[in-house]
Structure formats: structure tokens, C-alpha cells
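# Build me a model:
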Amino acid sequence: MFDRSVYETYTLDGDALPLDLIVWRRYRRQTPGLVEAILDMNFGLADQGPLLARGTTFKMPIDKPATPAQVALVRLW
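Numbering: from 1, shown residues only. Below you'll find the model as predicted:
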């Protein structure tokens, strides 16, 4: 679902935050499966517990928004 070869390196510079909140603040929309993809890409990240500590660095795949479906144009005149 996510291209894991294209990613950005993210460093947590604020207070301890959960990973799902970090993803929400980054994309501002629902991204199903992105938290799981981040945990798969970053070995040992889940071992840090529910809150990631300040200074934690991890790879975050870049989520490409779905391409909008083309709608057939109907002309009445």
C-alpha cells in the first residue's frame, strides 16, 4: 500500500507522543495502515512503548493521496 522505498526521516522534537498522533499531525487525514507500515519499517520502535520519547528518529513512508476518479461529464444542452 505504501512505497517503503520513498520515506522521510522524522525526529520527534516535542514531548512524548503516540505514533498515531504524530501521523495525524503530519498528514491531517486518515491514513489506514500507515502506523503499521512505520512499525514494520523501524525495527524496535514498538519496543519503546505507547509514547515515543523526545529525540526518537524513525522512517515515515510518504503517503501519496489517492488519485481522484474521473467523472464522466454529462451535458444537458
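
# rest of the way, CA atoms for contacts and neighbours
Will do.

# And stretch 68-77, how far out from the chain middle?
Distance of stretch 68-77 from the chain centroid (C-alpha atoms, centre = their mean, to the nearest Å) equals 33 Å.

# oh, I was asking about stretch 4-15
9 Å.

# So for it, what gets flagged as buried?
Arg4, Tyr7, Leu12 (16 or more other C-alpha atoms under 10 Å).

# Now the first one: closest residue in space, sequence neighbours ignored.
In other words, Arg4. Pro61 (5.6 Å; C-alpha to C-alpha, 6 or more residues apart in numbering).

# looking at it, that neighbour is touching Val6, isn't it?
Yes - assessed by C-alpha atoms under 8 Å, Pro61 is found in contact with Val6 at 6.0 Å.

# For the host helix or strand of Asp40, name the packing helices and strands.
Per DSSP states H and E, Asp40 falls inside helix 34-41. Under the contact criterion of 3 or more C-alpha pairs under 8 Å, 6 or more residues apart in numbering; DSSP states H and E, helix 34-41 touches helix 19-27, strand 57-61.

# again, only using 7 Å
Where contact means 3 or more C-alpha pairs under 7 Å, 6 or more residues apart in numbering; DSSP states H and E, helix 34-41 is packed against strand 57-61.

# And the contacts of the strand it packs on?
2-4, 6-12, 38, 41-42 (C-alpha atoms under 7 Å, 6 or more residues apart in numbering).
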